[in-house]
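1. Sequence first, predicted model second:
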Amino acid sequence: MGLTLQRGGTVLPSDDRQYSELNKFCSENQRDLTFEWIDGQFWLHSDLPKERPIGIAIDSELERHEAYFRKAGLKTELLARAVGLKGAFRPRILDLTAGLLGDSLLFLSFGCEVWVVERHPVIRFLILSAMQNARHPRLAHLHFLPEEAELVLRHPPSVDTIFFDPMFEDANEKASPKKEMRIFRGLVGKDQDAEHVFQTALDLRPRRLVVKRPRHSAPFGVTAATEYIGKSTRYDVYFSL
């Protein structure tokens, strides 16, 4: 069990200090992980041989979002409304669960400044590699915090909105999860401390706390002030008193 780094068909040494956390994770969890250098950054090989590798194409994702919102606008975008966009106002957002930056890149495309948190060494590695490769000007407004969410919440940045998207079970057990979700559930597992992190964030009495949930799942024990409900996702919104 271990870590393999490939570049141009060559296996790179993985005992470098930069990769020590990945080596430690593979050893402690008895996992084999292979990362390949593609188009200027590392990508994680899938657990199935015919699937494309996993990574974050930051520049192309932001360009795709920007092109879409130039045509569709933001007024009807559920996530934009949930995090507090109104008129020309763009909230500063603390995203406690980076994952593959899906929501964070949307926030950037909205025009927000974003602080994003990720604790898992595999996902952190993919994020850092992607950020080093990206050139989009909006990336100047993305601040990456490679920490536990609870530690960040002890001394949080000054923001208008805290966003929390914990790893959760499938709301529809008959549907096959997306490739990235399937693989990261195997690597990361369910966020056992999700309710504790939620309560810690709520205790800070932020202007706005947004929790992303499956549409039909129960809230975290506290009734939200308002909800924004999509086809499969619900955003529970809490305000400071």
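-> Nice, thanks for sending it over.
2. Going along the chain, name the strands of the chain.
-> All strands of the chain, identified by DSSP state E, fall at 3-7, 10-12, 33-38, 41-44, 93-95, 114-117, 142-145, 161-164, 208-214, 226-229, 233-239.
3. Could you pick out the longest helix of the chain?
-> Looking across the chain with DSSP state H, the single longest helix is helix 58-72.
4. what about the strands of the chain, which gets the closest to Glu21?
-> Each of the strands of the chain has some distance to Glu21 by C-beta to C-beta; the shortest is strand 3-7, at 9.9 Å. Bear in mind the C-beta positions are built from the backbone N, C-alpha and C, glycine included.
5. Compute the inter-axis angle for the closest one and strand 33-38.
-> Between strand 3-7 and strand 33-38, the angle comes out at 10 degrees (axes from the mean of the first three to the mean of the last three C-alpha atoms, to 10 degrees).
6. What is strand 3-7 packed up against?
-> Contacts defined by 3 or more C-beta pairs under 8 Å, 6 or more residues apart in numbering; DSSP states H and E place strand 3-7 against strand 10-12, helix 20-29, strand 33-38.
7. So which of the ones you listed is the most surrounded?
-> Across those, averaging neighbours per residue (mean count of other C-beta atoms under 10 Å) puts strand 33-38 on top, at a mean of 18.
8. Low-confidence ranges, the chain, go.
-> By pLDDT under 70, the low-scoring segments of the chain are 1, 13-15, 168-182, 184-186, 188-191, 241.
9. highest average neighbour count across the strands of the chain?
-> When neighbours are counted by mean count of other C-beta under 10 Å, the highest per-stretch mean among those falls to strand 93-95, a mean of 27.
10. can you list contacts of that one?
-> Contacts to strand 93-95, defined as C-beta atoms under 8 Å, 6 or more residues apart in numbering, come from residues 83, 103-104, 107, 112-117, 152, 156-157, 159-163, 165.
11. picking up where we left off before, let's have the helices and strands packed on strand 3-7 in a markdown table, adding distance to Thr200.
-> Listed next are these as a markdown table, based on distance: least, C-beta to C-beta, whole Å:
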| stretch | distance to Thr200 |
| --- | --- |
| strand 10-12 | 39 |
| helix 20-29 | 24 |
| strand 33-38 | 31 |
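12. Compare these and report which one is nearest to Glu51.
-> Ranking the helices and strands packed on strand 3-7 by their distance to Glu51 (criterion: C-beta to C-beta) puts strand 33-38 first, at 12.6 Å.
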